[in-house]
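following is a predicted model, sequence given first.
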Amino acid sequence: MPFPASHPALDRALSDRGYAEPTPVQAAVLDAAPNDDGSGRDLLVSAQTGSGKTVAFGLALATTLLGDAEKFTDFGNPVALVIAPTRELAQQVSSELQWLYAQTGARIVSCVGGMDPKTERRALERGAHIVVGTPGRLRDHLERGALDLSEAKAVVLDEADEMLDMGFQEDLTFILDAAPPERRTLLFSATLARDIVQLAKTYQRDALRIDTVAGNKSHADIEYKAIRIAPNEIELGVVNVLRYFEAPGALVFANTRERVKHLTSSLRERGFSVVGLSGELTQSARSEALQALRDGHARVCVATDVAARGLDLPDLGLVIHAEIPVNKAGLLHRSGRTGRAGKKGVSVLLVSYTRRRKVELMLQSASIVAEWSGPPSAEMILEKDRERLLADPALTAPVDDAEALELGRLLLERTTPEQVAASLIRLYRQKLPAPEDVYDDERMKRAQVSGVNDRGQRDGPLTDFARGGEMVWFRVNIGRDKNADPKWLLPTICRIGHVTKGDIGSIKIFDRETKFEITKAAEAKFRAAVAASTEDGVTVANAVAPGPKEKPASRWDKTPVGDAGDRPARKPWADKGEKKPWVKREDGAPTGEKKPWVKREDGAPTGDKKPWVKREDSAPTGEKKPWVKREDSAPTGDKKPWVKRDKPEAAERTPWAGKVDTGAPAKKPWVKKDAAASPKAAWAPASDAHPAPGGEPAWKGKPKGGDRPWGAKDARGKPTGKPAGAKPFKGKK
């Protein structure tokens, strides 16, 4: 059907661009009924990528921004704002609006990260009608006062679901709150998830919901293919898919930046003209890579999901999912890079047996019917090359170059036409990367045909069972001595032998080796891969099946396990002849190199040590000096003897002058002097023990005048009884 009338200037731009009829989303947007006052309604649109959404909201904004005017008149604050998740998508939207509004005199300014913010601020100061940017840069200009949305009549959120997934919800809220509440809000998203609907309820008024993907139908212009591939041959599968389809432009998706680097280097090494796109690249590097794709200098682009968001590459006919997308939305976004603007495209998923079930559920939820097949073989690729060579327009196009015709006649005179044709074919093939030998997972193929899972069972709960079929035994020089464990042995065997988990049967781990089974069908492939393996320290060789008496080694098993006879036997552990024997003597002591000992009757051992006996007086004898208990209870020996005296000997002490020996200790006597005595006067001697110069030794009773009394003395002169007086006596009782 022809384009509905939107605005005269935009209709002329569409006609000049060659647009004959609108896409479904463009027709639905143009047919949306206005509000009662004639103003445009808020729109919540769900549409696939590549369905013409940019032109759709550009046409929808025309009446809101221009009204009946033919062109924009003044240059002031922007009247429309378009928000996109990535730099590439924002620049693409800006270029699309440039030609669509070219005849209206609109000034369109881009504000994206990675560009010079000063240049953008100067452009905003000069005035703009439409501003296109990313959330982070737009918020930065709003906070700095360079962007004024007070006159904005419409705000468009393109790829709103992707912006929320990238964590821009806070920035979007800030930008939408800065715009006038009476503005018109158009929200475009590939999927209408719960958070998108909530955002629409918050910032839209009576929005008209348009769903151009009724029933979640897949893109009609995209052909989906699911290719079975071994987990360790993903890169080889990418090479053969690129060679088989030979699309003018191809996009290969990986999940991480490191994977993008690796795939880019691997494809470039094989002769492909390839560029890589990831978030770590600078804006100039990204622009150079995209320009190389647009100019045809590069035919393959390896990118992550974020880097490829919004890319609109010319002649992009092939999308390869080298790594499976996270969910259905990711699959639709990736695949939507091809099959745009009515052109056909192919989306290829490389599926290993570990991801088969997830891919099937993802395709089912997206209502996508994919064709399952094995990877293109080298023979299939060479056959395609023959067809493309024979159908090359260069062979049938008329030649107007006289010099080329003359050179052709000279070649035919000097050689045969067959030689000329063979040389032409050789030159043609030299430009093409060589195909790889890949392995089609026959087990997955049978599963697709029979409807069983990768373990030979119907889809459902998995149960263990013994593998049947003909198997071949191999062994690897890794055992318990190298901490062998099936958790890492299994992927090691798969990597070395280019086989999958389903090709491996029983695994038996021994002391110094591990034996395992390989299916007969994969034996030839396994042997060829092992022969070409460069794995350091790992050796794989033939083996015989373990015998009935051969058991896997145990940590506590000291008996060596018998082998297949391909190495010399080891000395058995049971041989103890080299060690000196010992026997148990009658008296319970071992004999041998050690000196014997016996138990003496008196309980003391004999031998190298000196004997000892228990004396009658309970004192030990030997090298030490004996001692006996004296009658007076004092010990004798090396130490000087001592005896307990009945009383102190006064003769041994130096008596004080005038002292009468009464058994009191020979200390200087003292008495409390009265207040009139001089400070150096002697104390009055006590009557019982302490002599003093100039008087008889006698202790007095309680002195008068508040002096501390002294009580009666014992035989040694110590006071007895409790002291009397104001102050208590602190001595012993």
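Right, received. Where do you want to start? Numbers count the residues shown, from 1 in each chain.

domain parsing of the chain, as residue ranges.
8-216, 222-377, 469-573, 645-733 (automatic domain parsing).

need the distance between the two termini of the second one.
The separation between the terminal residues of domain 222-377, taken as CA to CA, to the nearest Å, is 23 Å.

quick one: least confident helix or strand in this protein?
helix 442-450 (a mean of 52; mean pLDDT, DSSP states H and E).

buried stuff in stretch 535-547?
By 16 or more other CB atoms under 10 Å, the buried positions in stretch 535-547 come out as 540, 543, 546. All C-beta atoms are positioned from the backbone trio N, CA, C, and that covers glycine.

and the first one, how far is that from Glu120?
Applying CB to CB, to the nearest Å, one obtains 62 Å for the distance of Val540 from Glu120.

how confident was the prediction at Pro620?
You'll see Pro620 listed with a pLDDT of 55.

my bad, Lys680
50.

give me the neighbour count for Arg340.
Arg340: 20 surrounding residues under other CB atoms under 10 Å.

that one against Asp315, yeah?
No - Arg340 lies out of contact with Asp315 (CB atoms under 8 Å); the separation is 10.3 Å.

only alpha carbons, please: show stretch 479-486 as PDB.
Output of stretch 479-486 as PDB, limited to C-alpha atoms (Å, rounded to 0.1, in the frame of the first residue of the first chain):
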ATOM      1  CA  GLY A 479      46.600 -41.500  38.000                       C
ATOM      2  CA  ARG A 480      46.100 -41.200  41.700                       C
ATOM      3  CA  ASP A 481      49.700 -40.000  42.100                       C
ATOM      4  CA  LYS A 482      48.700 -36.900  40.100                       C
ATOM      5  CA  ASN A 483      45.400 -36.400  41.900                       C
ATOM      6  CA  ALA A 484      43.400 -37.700  39.000                       C
ATOM      7  CA  ASP A 485      39.700 -36.800  39.200                       C
ATOM      8  CA  PRO A 486      36.900 -37.400  36.700                       C
END
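
and that stretch, what's buried?
479-480, 484.

show me where the stretch 251-400 of the chain has its strands.
Counting by DSSP state E, counting those that start in this stretch, the stretch 251-400 of the chain has strands at residues 274-277, 300-303, 316-321, 345-351, 371-373.

in what helix or strand does Leu199 lie?
helix 194-203 (DSSP states H and E).

same for that helix, what does it pack against?
helix 160-165, helix 169-178, strand 184-189 (3 or more CB pairs under 8 Å, 6 or more residues apart in numbering; DSSP states H and E).

any regions of the stretch 1-150 of the chain where pLDDT drops low?
Applying pLDDT under 70 to the stretch 1-150 of the chain picks out residues 1-5, 33, 35-38, 48-50.

and of the helices and strands packed on helix 194-203, who's closest to Glu125?
helix 169-178 (17.8 Å; CB to CB).

which parts of the closest one are buried?
Neighbour count says helix 169-178 has 171-172, 175-176, 178 buried, by 16+ other CB under 10 Å.

which secondary structure elements does it sit against?
Looks like helix 169-178 contacts strand 80-83, helix 135-144, strand 154-157, helix 160-165, helix 194-203 (3+ CB pairs under 8 Å, 6+ apart).

any idea which of these gets closest to Leu251?
Nearest to Leu251, of the helices and strands packed on helix 169-178 and by CB to CB, is helix 160-165 at 16.6 Å.

what's that closest one packed up against?
Looks like helix 160-165 contacts helix 169-178, strand 184-189, helix 194-203 (3+ CB pairs under 8 Å, 6+ apart).

export these to TSV and tack on mean pLDDT and distance to Arg355?
As requested, those are exported to TSV (pLDDT from 0 to 100; distance: least, CB to CB, whole Å):
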stretch	mean pLDDT	distance to Arg355
helix 169-178	92	31
strand 184-189	90	27
helix 194-203	87	27
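
tell me which of the ones you listed lies nearest to Phe57.
strand 184-189 (5.2 Å).

can you list contacts of that closest one?
By CB atoms under 8 Å, 6 or more residues apart in numbering, the residues outside strand 184-189 that reach it are 39-47, 53, 56-57, 60-61, 64, 153-161, 176, 196, 199-200, 203-205, 207.

same thing with stretch 522-536?
Counting by CB under 8 Å, 6+ apart, 439, 472, 474, 495-499, 503, 518, 540 sit against stretch 522-536.

looking at those, which are in helices?
495-497 (DSSP state H).

filter those down to the buried ones and hand me the PyMOL line.
Applied in PyMOL, the following selects the buried portion of the ones in helices among the contacts of stretch 522-536 according to 16+ other CB under 10 Å:
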select buried, resi 496+497
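
now, among the ones in helices among the contacts of stretch 522-536, which is nearest to Pro248?
Distances from Pro248 to the ones in helices among the contacts of stretch 522-536, taken as CB to CB, are shortest for Arg495 (35.3 Å).

how about that closest one, nearest residue that isn't a chain neighbour?
Asn232 (5.7 Å; CB to CB, 6 or more residues apart in numbering).

my read: that neighbour touches Gly497, true?
No - Asn232 is beyond contact range of Gly497, at 9.4 Å (criterion: CB under 8 Å).

how far away is Ala484 from Leu251?
43 Å.

also Gly330?
14 Å.

neighbour count: the two, which is higher?
Neighbours per residue (other CB under 10 Å) separate Gly330 from Leu251, with Leu251 holding more: 26 against 18.

sketch out the low-pLDDT regions of the stretch 251-400 of the chain for me.
In the stretch 251-400 of the chain (pLDDT under 70), the answer is 307-310, 312, 314, 341-342.
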